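[1] structure for the following, please:
(chains A and B)
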Number of protein chains: 2
Amino acid sequence: MIIGGAEDKLRQRTVLSDFVKAAGGPHARIAVIATASSLGPEIVEVYDSVFRKLGAAQVSSVRPETREHSHDPAFVEALSQATGIFMTGGNQLKLSGAISGTPFAEAIHAAHRRGAVIAGTSAGASIQSSHMVAFGPGGATAKQRMTQVAAGLGLLPESVIDQHFEQRNRYGRLLTIVSQSPQLLGMGVDEDTAAVVTFEDDRRVLRVIGRGAVTILDPSHIVSNAHEASRSHPILASGVILHALPAGAAFDLTARTLIARDAADDASEAEQIAEAGRDLRRLARDIAAGDVSPSVLRRRKTRSRRRDWPVATRPETTSGHHSTEETS
Amino acid sequence: MIIGGAEDKLRQRTVLSDFVKAAGGPHARIAVIATASSLGPEIVEVYDSVFRKLGAAQVSSVRPETREHSHDPAFVEALSQATGIFMTGGNQLKLSGAISGTPFAEAIHAAHRRGAVIAGTSAGASIQSSHMVAFGPGGATAKQRMTQVAAGLGLLPESVIDQHFEQRNRYGRLLTIVSQSPQLLGMGVDEDTAAVVTFEDDRRVLRVIGRGAVTILDPSHIVSNAHEASRSHPILASGVILHALPAGAAFDLTARTLIARDAADDASEAEQIAEAGRDLRRLARDIAAGDVSPSVLRRRKTRSRRRDWPVATRPETTSGHHSTEETS
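    Numbering: from 1, shown residues only, chains lettered A, B, ... in the order given. Next up, the predicted model:
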């Protein structure tokens, strides 16, 4: 679960409650890794409090601050029972510097393999990709050397993740990176938004939850001058395929294509339309038979308007309704 | 000539000098339309001074402030001899409100047809597309109702132009518009940057000049929920093709594809490589024949390094060079 930073902790908490639910709800045992943060115990206290309120059975802090810690069996062992691991925000280089290539990082991978949910926000999101944005300024235009890439944990292979994507205007730096590494899929996650990645039928599927969008940059067919652009000059990046995905959207990361909305949704929409059609036919019959009073008509009209119409079909249906009235 | 705003007026003046040159250089007769601006005569004075310094023969201010002005033959006639028309920045709705659908706007079209250069910066850029961004906040994520579209002059048909693209973070609003109007090509122009559009062999060709980039969003194959997304919610926009084009890049607006670098460039590069090859062969022959002294070798090496190698081929040639040295 890749969270773009600044996830809501007080009100709806869509992203964090989804995490607790996925980690087992009342059976969730959550380990909070706050290594990236420059804050003291208070950062852990915040998440401890939120996760407990959201019903987690157990929340613990596991915070290696050095590579020595990350080789210490006590830290490694602390992840062995977790059903959910949550990496906080902060400085992703501090986090990766302390844990990458250590038994502690291996314990995160082992947890992932056994089905625990690995979540991270901001710095804790960036580190999940194989290639990690280390730092670099915002800006919409890709420019040579505007950003530095380091190695990430690689929970999501062949990818580079950026966060606070909308709020810090990070199109340019993500585009710079995929121009220089066209084998990577670029993913930008807005604040209070998460890309939830699961395996389904040998495919990686991304689903979006939260307030913003997840932006995918697919450079499979890019034409670029990234090998020869001058320092701080804009980079040519032609033919990148862009997918902006709001909450509810699903994307096949393996095929790099949008997944059509659930057939279930369509079925329920079709049922609504059919029901509306039956209603209108009855109304037309009643009017034709002359056994409907203006007040009955008004009540039915109100009831029919209250129904949650699918927006796309509303104008047609409404106009059909009106013409029925006019002929009466 | 579509300029993204804040074009350099003091130093290199790449964009403005290109405009004066295209308008005829020493024969250029330039009309400045400052209607969009909230500034007084000083805005015209700035451009008057720059264009004269850059060698234009004549600069005049033509500033209709009302639709009455734009029907006035005196204003219309003032454009009849112009070889270049320059529309300043300001408020594009003020400009389009005063001139759209009037004889004055028709005179701009007539000038365009007879080959005059029509240029505009910021507001004066926006109005050139068929569909004009009226206003709307910045932000990287496309959101329902974040922006308003009005009708532009349509000098560039089937398009929507946005400006200050990088500096004001306008990916979101351009993406919103093309999601709702997938027949339009979206074009975002950075500050001190211009998209120069010409007709060549029945095609519209865009060339980029200046400091930043021109971003093209091609929604031909978009999948979107723009018809039903809720107010201020992120919009689904999947499969948009993105082209980020720095100075020197050329783009076929008709086919919507990047144009490969000039064949002329490639020919000169090929000639350089061939020459380098001849040089190396001579060096190898000389060394084999034993008639080359270390000092001759050093001189030749320096001469060969001074040459302006094409960056892409440099490492190979250099390594060839080194191995020749090693065997000597």
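[2] pull the contacting residues for A:I30.
    A:20, A:23, A:51, A:56, A:58-60, A:82-86 (C-beta atoms under 8 Å, 6 or more residues apart in numbering or on different chains). To be clear about C-beta, it is placed using only N, CA and C from the backbone, and glycine gets the same treatment.
[3] tabulate those residues (a markdown table), appending distance to chain B.
    Listed next are these as a markdown table, based on distance: C-beta to the nearest C-beta, whole Å:
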| residue | distance to chain B |
| --- | --- |
| A:V20 | 24 |
| A:A23 | 26 |
| A:F51 | 27 |
| A:A56 | 29 |
| A:Q58 | 35 |
| A:V59 | 31 |
| A:S60 | 35 |
| A:A82 | 32 |
| A:T83 | 30 |
| A:G84 | 26 |
| A:I85 | 28 |
| A:F86 | 24 |
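[4] and the residues you listed, which of them are in strands?
    Counting by DSSP state E, the part of the contacts of A:I30 found in strands is A:58-60, A:84-86.
[5] most neighbours among those residues, which one?
    Greatest neighbour count in the ones in strands among the contacts of A:I30, by other C-beta atoms under 10 Å in any protein chain shown, goes to A:F86: 27 neighbours.
[6] tell me what that one is bridged to.
    Judged by DSSP bridges, the bridge partners of A:F86 are A:V32, A:A119.
[7] could you list the low-confidence segments of the stretch 151-300 of chain A?
    Scanning the stretch 151-300 of chain A for pLDDT under 70 picks out the ranges A:262-273, A:276-277, A:279-280, A:283-300.
[8] tell me which element the residue nearest to A:G248 when sequence neighbours are not counted is part of?
    Distance criterion C-beta to C-beta, 6 or more residues apart in numbering or on different chains; nearest residue to A:G248, sequence neighbours excluded, is A:V208 at 6.7 Å. A:V208 is part of strand A:203-210, with elements assigned from DSSP states H and E.
[9] could you give the separation of that strand from the chain centroid?
    6 Å (C-alpha atoms, centre = their mean, to the nearest Å).
[10] who touches stretch A:10-25?
    With C-beta under 8 Å, 6+ apart as the criterion, stretch A:10-25 contacts A:1, A:3, A:7-9, A:28-30, A:50-51, A:54-57, A:83-84, A:86, A:116-117, A:119, A:192-194, A:196, A:209-211.
[11] rebuild the ones in strands among the contacts of A:I30 as JSON lines, extending it with pLDDT.
    Formatted as JSON lines, these follow (pLDDT from 0 to 100):
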{"residue": "A:Q58", "pLDDT": "97"}
{"residue": "A:V59", "pLDDT": "98"}
{"residue": "A:S60", "pLDDT": "97"}
{"residue": "A:G84", "pLDDT": "98"}
{"residue": "A:I85", "pLDDT": "98"}
{"residue": "A:F86", "pLDDT": "98"}
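[12] I'd assumed A:A98 was in contact with A:H69.
    Yes - between A:H69 and A:A98 there is a contact at 7.0 Å, judged by C-beta atoms under 8 Å.
[13] more crowded one of those two?
    A:A98 (21 against 18).
[14] so the more buried one lies in a helix, does it not?
    Yes - according to DSSP: H, G, I helix; E, B strand; the rest coil, A:A98 belongs to a helix.
[15] ok, now which ones touch it?
    Contacts of A:A98 (C-beta under 8 Å, 6+ apart): A:35, A:64-67, A:69-70.
[16] need the buried ones from those selected in PyMOL.
    Here is the PyMOL command that selects the buried residues among the contacts of A:A98 (16 or more other C-beta atoms under 10 Å in any protein chain shown):
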select buried, chain A and resi 35+64+69+70
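[17] which single one of the contacts of A:A98 is nearest to chain B?
    A:T35 (28.3 Å; C-beta to the nearest C-beta).
[18] the closest one reaches A:S100, doesn't it?
    No - checked against C-beta under 8 Å, the pair A:T35 and A:S100 is beyond contact range at 11.1 Å.
[19] out of the contacts of stretch A:10-25, list just those in helices.
    A:50-51 (DSSP state H).
[20] coming back round to it: report the beta-bridge partners for the residue nearest to A:G248.
    Beta-bridge partners, per DSSP bridges, of A:V208: A:A195.
[21] so is the closest residue to A:S38 other than its chain neighbours in a helix, a strand, or just coil?
    Excluding the flanking residues, the one nearest A:S38 by C-beta to C-beta, 6+ apart is A:G90, at 6.0 Å. Following three-state DSSP, the label given to A:G90 is coil.
[22] ok, A:G90 to chain B distance?
    22 Å (C-beta to the nearest C-beta, to the nearest Å).
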